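Trainee: dropping the sequence and predicted coords here.
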Amino acid sequence: MEIIILPTPADVARTAADAIEEQVRRGPSVLGLATGSTPLGTYQELIERHRTGGLSFAQAQAFLLDEYVGLPSAHPQSYHSVIRDEFTASVDFAADAVHGLDGMAEDPQAEAEQYEARIAAAGGVDLQILGIGTDGHVGFNEPMSSLGSRTRIKTLTRQTRQDNARFFDHADDVPDHVLTQGLGTIREARHLLLLAMGEAKAEAIAAAVEGPVAAICPASALQLHPHVSVLVDEAAASRLAHRDYYTDTFGRKPAWQGL
Ligand SMILES: O=P(O)(O)OC[C@H]1O[C@](O)(CO)[C@@H](O)[C@@H]1O
């Protein structure tokens, strides 16, 4: 794992956007997109680079990590709507290049299996953006998710429903169930970019990076992946015990200048 501690959330957003831009400029790419508040600054940065710097997503495809069960895709808080409104409609993805799970599928298991097949048919994910929940979830893989799990239906924890209540009119409107890529699915992406900002994420980041690989902290499963970049601001890094090791460059330029 490469742990990159940056001064501010804006630096995290810019550095993540650099990695995505580099991937997309390399040629046809498959991106894994997260929703939630964490990647919003990154998406803003990419939209700006599209508008002013000619960055094009016309050759890219994208797969969402997860979706609420029971929300039609037109619901403003469905992740279909969120990613369209916050990112994909403001750049130049081709029609049908952005894929998500159907939260209204009559057979969620069949939907999950078809989604895995669509990812495989696209050649797998080149670069996966990830946020982290305060309980250590990635995607919606809540604590005690199997470290080898595949895309499936999951029940949200009370903590995650509370955390996400801010996006809904009433706390009770947060769905109980979700469809999410599994930890095994996520770990098949070729490069993982885990982003976290703010003190509220500090404990989860410390457990994910320095804790044992254990289902109690699903993000710790990322330690098993060969190419993970963890981009955190100072606040999210504040509980890391080995900060000096991550920041020591011995006078050289930091490794993250070219993720
Ligand atoms: O970025 P937030 O809103 O803090 O949420 C943390 C993570 O939980 C999720 O909402 C669940 O997938 C992600 O979208 C996000 O990365």
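Mentor: Now that the structure is in, tell me what you want to look at.
Trainee: interface residues of the stretch 101-250 of the chain facing the ligand?
Mentor: Neighbours of the ligand within the stretch 101-250 of the chain, by C-beta under 6 Å from any ligand atom: Gly131, Ile132, Gly133, Gly139, Phe140. Backbone N, C-alpha and C define where each C-beta goes, glycine included.
Trainee: what's the most distant pair in those residues?
Mentor: Greatest spacing in those, by C-beta to C-beta: Ile132 and Phe140 (11.7 Å).
Trainee: now, which of the residues of the stretch 101-250 of the chain next to the ligand sits nearest the ligand?
Mentor: Within those, the smallest distance to the ligand is 2.0 Å, found for Gly131 (C-beta to the nearest ligand atom).
Trainee: which residue, other than its chain neighbours, is closest to that closest one?
Mentor: Excluding the flanking residues, the one nearest Gly131 by C-beta to C-beta, 6 or more residues apart in numbering is Thr38, at 3.5 Å.
Trainee: any low-confidence regions in the chain?
Mentor: The model of the chain has pLDDT under 70 over residues 254-257.
Trainee: for the stretch 51-200 of the chain, what spans make up the strands?
Mentor: Using DSSP state E, counting those that start in this stretch, the strands of the stretch 51-200 of the chain run over 60-64, 66-68, 98-99, 127-130, 152-155, 177-180, 191-196.
Trainee: could you dump the ones you listed to TSV with mean neighbour count?
Mentor: Putting the strands of the stretch 51-200 of the chain into TSV (neighbours: other C-beta atoms under 10 Å) gives the following:
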stretch	mean neighbour count
strand 60-64	22
strand 66-68	25
strand 98-99	18
strand 127-130	26
strand 152-155	18
strand 177-180	24
strand 191-196	24
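Trainee: could you dump those strands into a markdown table and include distance to Gly54?
Mentor: Shown next, in a markdown table, are those (distance: least, C-beta to C-beta, whole Å):
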| stretch | distance to Gly54 |
| --- | --- |
| strand 60-64 | 14 |
| strand 66-68 | 31 |
| strand 98-99 | 20 |
| strand 127-130 | 20 |
| strand 152-155 | 40 |
| strand 177-180 | 34 |
| strand 191-196 | 22 |
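Trainee: neighbours around Ile119, how many?
Mentor: 21 (other C-beta atoms under 10 Å).
Trainee: ok, now which ones touch it?
Mentor: Val30, Phe63, His99, Val125, Thr185 (C-beta atoms under 8 Å, 6 or more residues apart in numbering).
Trainee: separation between the residue in the stretch 151-259 of the chain positioned nearest to the ligand and Ala207?
Mentor: In the stretch 151-259 of the chain, the residue that lies nearest the ligand is Asn164 (6.2 Å; C-beta to the nearest ligand atom). Going from Asn164 to Ala207 by C-beta to C-beta, to the nearest Å gives 20 Å.
Trainee: do Gln109 as well
Mentor: Per C-beta to C-beta, Gln109 is found 30 Å from Ala207.
Trainee: between those two, which has more neighbouring residues?
Mentor: Applying other C-beta under 10 Å to Gln109 and Ala207 shows that Ala207 carries more neighbours, namely 20 against 12.
Trainee: tell me the secondary structure for the more buried one?
Mentor: Counting by DSSP: H, G, I helix; E, B strand; the rest coil, the backbone at Ala207 sits in helix.
Trainee: contacting residues around it?
Mentor: Counting by C-beta under 8 Å, 6+ apart, Ala207 has contacts Gly136, Ile216, Cys217, Ala219, Ser220.
Trainee: again, only using 7 Å
Mentor: The contact partners of Ala207, by C-beta atoms under 7 Å, 6 or more residues apart in numbering, come to Gly136, Cys217, Ser220.
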